[in-house]
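> give me coordinates for this.
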Amino acid sequence: MKSLLISILLFFIMIPAIFAQQSKVIRSISVDYSKEKGAMNTMYKECIGAGRANEGLRADWQQQLKIVKEDCDFKYIRMHGLLTDDMAVYKEDRNGNPVYNFQYIDVLYDYILEIGMKPFVELGFMPSAMASGAETIFWWRGNVTPPKDYQKWEDLIYHLVEHWTERYGYEEVKTWYFEVWNEPNLTPGFWTGTQEEYFKLYKYAAQAVKKVNAEYKVGGPATAGAEWEPEMIEFCEKNHVPLDFISTHSYGVDQGFLDEFGGSGTVLSPNEYSVSQDVIQSRKEISESSKPNLELHYTEWSASYTPADPIHDSYHEAPYILNKLKQIGEAANSMSYWVFTDIFEEAGPRFTPFHGGFGLMNTQGVKKSAYHAYSLMNKLSETELVNKDKASWACKNKKGDFELLFWDFTHTLPKDSVNNQDYFNQDLPSKTKGIVDLEISGIPEGNYQMEMYSIGYMHNDPYTLYCQLGKPSQLTKRQVEFLKNKSNGTPDKTELIRIDSKGKFKQQISIRENDVFMICFKKL
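As a prediction, the model looks like this:
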């Protein structure tokens, strides 16, 4: 009894210490409204990925893309399979003469342009009538062999680019990017040829693009894992082959590059600078090359390269995205997140509403936590403020509005070889980290409407709710509406505040692991 009383007494003595620890200021963010860093770098919304071109003919795909454009304002979209047989681009007559057909592509590209986006054109895969072999990849059978006749390959690219020029005009098409193939370093996955054969494929395609107009931009090698970049530049320099940009890919797991069917167990890298170190190294390789001013486009990136990784659905993905983009800074011209929707059929149609798909939205159009990370970035104004904090952005515009977006990213995956598929595939409550002390000074006096947004465990977090629903294999209409309403990205709080002549705003906010917050001030 005595020991029990002592334990109870110690517990009550410890209560103040427990709450003091929970309330500890762990981080201070201090910015001055009057101190400008410069124009906000918006490389994060320059491009977004999609699965394959034929999926873009679906009504639900198009509806989702329009919503993504409105909320996140991506400028370009890149996808596989533009030249595969399901797009009906190429065949040959009985005499072996080419027959071209661009009607399916026209429907797709007309829509993309109609909603204010542009194509980041991936030239691939090989039409079967032109292919040298029968090897394919994915459920939809993209042929990954070299052409049996490189001149016919060049002619196809020439006629296609010429068609776009006639249809959309030179001024439009000169703003596009032409990327040759996808991940040719993954042999036999995406390419059955050698590096030398890929460079040959690139040469003929680049010649075709430039033959239509020398101002059109062409590049590659679109490799996995930031490979072949120096070799690509050297080949083009030595052989006088046009090269306007380098493109490549990176994912935040430590092993492997291709998992078509989502069967491997992936492990999120504990390396604080995974992905971002690849981008910075790519920029370094370009700057030290004979073509130091080439643009750099990461045309695929995400936390994981498999379409069956629950981290894509998890609230952890939102701060992961923000953290990597902040680290990358000015190193890349674009970072194209892979992809905008789970309407994505590399391994065939998916059978459950949440399955670890790459998308920012699931098949039914529910906005994942990752979606809201991009939506919040799109709310940032055009001028960035000086800010020493490594996990936040502060911005303002000419109207007097300003925003502060900040987050915590904590790598919570256990270090005992637990993989993503076992860890992120569950309800994962976040732990308290403490207090973030905010101070914004130099604010012009006046009235402001303040809006606060958040992403985190149970906040714009549809996957946790899906887990709590019991992970139904099929969602009812009512369940879909419930998830959409709980993950709609609207402000948590809106209020009118007055900034007095001192020009300061101060606030303390409790933050948990992997929380994201944004405070927007709109001048009235």
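
> distance-wise, check the spatially most central residue of the chain relative to H249.
In the chain, the centroid-proximal residue (CA atoms, centre = their mean) is Y337; its distance is 1.6 Å. Y337 sits 11 Å away from H249, going by CB to CB, to the nearest Å. In short, each C-beta sits where N, CA and C put it, glycine included.

> find residues that contact each of the two.
Taking CB atoms under 8 Å, 6 or more residues apart in numbering as the criterion, Y337 and H249 both touch W301.

> where does S417 land on pLDDT?
pLDDT for S417: 70.

> contacting residues around it?
S417 is in contact with V267, counting by CB under 8 Å, 6+ apart.

> same question for K368.
The contact partners of K368, by CB under 8 Å, 6+ apart, come to 312-313, 317, 359-362, 462-463, 487.

> ramachandran angles for it?
Main-chain torsions, K368, degrees, to the nearest 10: phi -80, psi 170.

> where along the chain do the helices fall?
2-22, 59-72, 103-114, 150-168, 170-173, 195-212, 229-239, 276-287, 317-328, 369-377, 420-423, 462-468, 477-486 (DSSP state H).

> looking at those, which is buried most?
helix 369-377 (a mean of 26; mean count of other CB atoms under 10 Å).

> re the thing from before, hmm, T299 and the residue nearest to the centre of the chain touching each other?
No: with contact defined as CB atoms under 8 Å, Y337 does not count as touching T299 (10.3 Å).

> quickly list what's touching both of the two.
Residues touching both Y337 and T299 by CB under 8 Å, 6+ apart: G49.

> picking that back up, P349: which of the helices of the chain is closest?
helix 59-72 (12.5 Å; CB to CB).

> quick one: mean pLDDT for the closest one?
On average, helix 59-72 scores 98.

> what stretches of the chain score poorly on pLDDT?
Residues of the chain that meet the criterion pLDDT under 70 lie in 1-23, 256-263, 416.

> give me the domain ranges for it.
Domain assignment for the chain by automatic domain parsing gives 25-38+385-523, 41-261+270-379.

> can you redo the helices of the chain as CSV with distance to S501?
Shown next, in CSV, are the helices of the chain (distance: least, CB to CB, whole Å):
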stretch, distance to S501
helix 2-22, 35
helix 59-72, 37
helix 103-114, 49
helix 150-168, 54
helix 170-173, 50
helix 195-212, 59
helix 229-239, 54
helix 276-287, 42
helix 317-328, 33
helix 369-377, 31
helix 420-423, 52
helix 462-468, 44
helix 477-486, 41
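
> so which of those helices comes closest to M43?
Using CB to CB, the nearest of these to M43 is helix 317-328, at 7.7 Å.

> contacts for that closest one?
Residues contacting helix 317-328 (CB under 8 Å, 6+ apart): 43-44, 252, 273-276, 279-280, 301, 303, 311, 335, 337, 368-370, 372-374, 377, 390-393, 405, 407-409, 455-456, 460, 514-516.

> from memory A129 sits against E92, does it?
Yes: shown here, A129 and E92 form a contact pair, counting by CB under 8 Å, at 4.9 Å.

> looking at those two now, which is surrounded by more residues?
A129 (16 against 13; other CB atoms under 10 Å).

> send the alpha carbons of stretch 351-358 over as PDB?
The C-alpha trace of stretch 351-358 is given here as PDB (Å, rounded to 0.1, in the frame of the first residue of the first chain):
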ATOM      1  CA  PHE A 351      -9.400  -3.800 -57.300                       C
ATOM      2  CA  THR A 352      -9.600  -1.700 -54.100                       C
ATOM      3  CA  PRO A 353     -10.200   2.100 -53.600                       C
ATOM      4  CA  PHE A 354      -6.900   2.500 -51.700                       C
ATOM      5  CA  HIS A 355      -4.100   0.200 -52.700                       C
ATOM      6  CA  GLY A 356      -0.900   2.300 -52.400                       C
ATOM      7  CA  GLY A 357      -1.400   3.800 -55.800                       C
ATOM      8  CA  PHE A 358       0.900   6.600 -57.000                       C
END
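
> for P429, the count of nearby residues, please.
Burial of P429 is recorded as 9 neighbouring residues (other CB under 10 Å).

> same question, A39
10.

> distance of it relative to D389?
Using CB to CB, A39 is found at 19 Å from D389.

> re the thing from before, give the contact list for the residue nearest to the centre of the chain.
48-49, 301-302, 321, 360, 370, 374.

> any idea what it is bridged to?
Under DSSP bridges, the beta-bridge partners of Y337 are I48, W301.

> quick one: it and S264, what's the gap?
To S264, Y337 is 21 Å away according to CB to CB.

> do E300 as well
Counting by CB to CB, the gap from E300 to S264 is 18 Å.

> ok, the two, which is more surrounded?
More crowded of E300 and S264, by other CB under 10 Å: E300, with 24 against 18.

> contacting residues around P146?
Taking CB under 8 Å, 6+ apart as the test, what P146 contacts is 126, 131-133, 191-193, 197, 200-201.

> 10 Å instead?
Contacts for P146 (CB atoms under 10 Å, 6 or more residues apart in numbering) come out as 126, 130-133, 153, 184, 191-194, 197-198, 200-201.

> roughly how far apart are the residue lying closest to it once chain neighbours are set aside and S441?
In space, P146 comes closest to G193 once its chain neighbours are excluded; the distance is 4.5 Å by CB to CB, 6 or more residues apart in numbering. As judged by CB to CB, G193 and S441 stand 59 Å apart.

> quick one: end-to-end length of stretch 217-235, please.
Distance across stretch 217-235, first residue to last, is 17 Å (CA to CA, to the nearest Å).

> one more: stretch 352-364?
Termini of stretch 352-364 sit 10 Å apart (CA to CA).

> next: stretch 266-273.
End-to-end for stretch 266-273, by CA to CA: 18 Å.

> off-centre distance for that stretch?
Centroid displacement of stretch 266-273 relative to its chain, using CA atoms, centre = their mean, to the nearest Å, is 17 Å.

> name the residues of that stretch that come out as buried.
Within stretch 266-273, the residues scored as buried using 16 or more other CB atoms under 10 Å are 266-269.

> just the domains of the chain: most buried one?
Comparing the domains of the chain by mean neighbour count (mean count of other CB under 10 Å), domain 41-261+270-379 ranks first with a mean of 20.
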